[in-house]
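Trainee: sequence first, then the predicted structure, then my questions.
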Amino acid sequence: MTLDNWVLFVFAVLALMSTPGPSQLLMLSNSATYGLKNSVATIVGDLSANLLQMIIATAGIGLLIASFDNNILIYIKWIGVTYLVWNALKLIFEKKENTNKYKKTNNKKIYRKLFLQGFLTSASNPKAILFFAALFPQFISANGDIWIQFLILSITYISIDGIFLLFYGFAASKIAMMIKSNSSLIINKVGGSLMLVAAFLLGLKTLDK
């Protein structure tokens, strides 16, 4: 892989990240509701799913999965949508002022929950594996070691994606901190609404779009 190819890849990823998607909206929701510290788990979950998708795509398994039965990917997508909607409704209809305690402590249960949300939201994208399967070969040279180039591209993508998600989370947490503590239920409803939008966008994703 040449330096020029890598630079083009960076610009391609930046262009991709320029429009907020389900993962970005989920990060906004979780950071506003649970605080930036806990919501780092959402980023870890999202990037873990991305890395798994990249490995599958580079190994050539992605095309095999897609050609075997597209319905499998669609089923996975709707599992992710349902999970997001369920969590969004729980936030929207929350009755207790319990948001602040999550911001002050690193609750392992909350961390696992937010990791799972991030992972499922990213993993439920029905065309993610096909996207990586189509994107990576354009920047990988057949003359070099494929897996070393894969490692470079993967680290680059995950770094850029992580920075974008961290920025969304930082902005949301700062806005939430500007709101008085007795308005945490409002934050819950806003966060739940953002999560519903994320579920809606995820539901719109198809293999042919």
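Mentor: All right, it came through fine. Computed from a predicted model, the values in this text were never measured in an experiment.

Trainee: now for L26, how many residues are close by?
Mentor: By the criterion of other Cβ atoms under 10 Å, L26 has 34 neighbours. Every residue, glycine included, has its C-beta placed from N, CA and C.

Trainee: so it is in which element?
Mentor: When elements are defined using DSSP states H and E, L26 is found to belong to helix 22-34.

Trainee: repeat for Q149
Mentor: Secondary structure from DSSP H and E places Q149 in helix 146-178.

Trainee: which helices and strands sit right next to that helix?
Mentor: Under the contact definition 3 or more Cβ pairs under 8 Å, 6 or more residues apart in numbering; DSSP states H and E, helix 146-178 sits against helix 3-17, helix 22-34, helix 36-58.

Trainee: the same query, at a cut-off of 10 Å, please.
Mentor: Using 3 or more Cβ pairs under 10 Å, 6 or more residues apart in numbering; DSSP states H and E as the contact criterion, the elements in contact with helix 146-178 are helix 3-17, helix 22-34, helix 36-58, helix 99-104, helix 128-135, helix 184-204.

Trainee: most tightly packed of those?
Mentor: Ranked by average neighbour count under the criterion mean count of other Cβ atoms under 10 Å, those are headed by helix 22-34 at a mean of 28.

Trainee: what about it, average pLDDT?
Mentor: Mean pLDDT, computed over helix 22-34, is 85.

Trainee: work out the gap between that helix and the centre of the chain.
Mentor: Taking Cα atoms, centre = their mean, to the nearest Å, the mean C-alpha location of helix 22-34 is offset from the chain mean by 10 Å.

Trainee: using CSV, write out every CA atom in it.
Mentor: Provided in CSV are the C-alpha atoms of helix 22-34 (Å, rounded to 0.1, in the frame of the first residue of the first chain):
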residue,chain,number,x,y,z
PRO,A,22,-27.3,5.2,14.1
SER,A,23,-24.0,4.7,16.0
GLN,A,24,-23.4,8.4,16.3
LEU,A,25,-26.9,9.1,17.5
LEU,A,26,-26.7,6.3,20.0
MET,A,27,-23.5,7.8,21.4
LEU,A,28,-25.2,11.2,21.7
SER,A,29,-28.1,9.5,23.6
ASN,A,30,-25.9,7.5,25.9
SER,A,31,-23.5,10.3,26.7
ALA,A,32,-26.2,12.7,27.5
THR,A,33,-28.0,10.1,29.7
TYR,A,34,-25.1,8.2,31.4
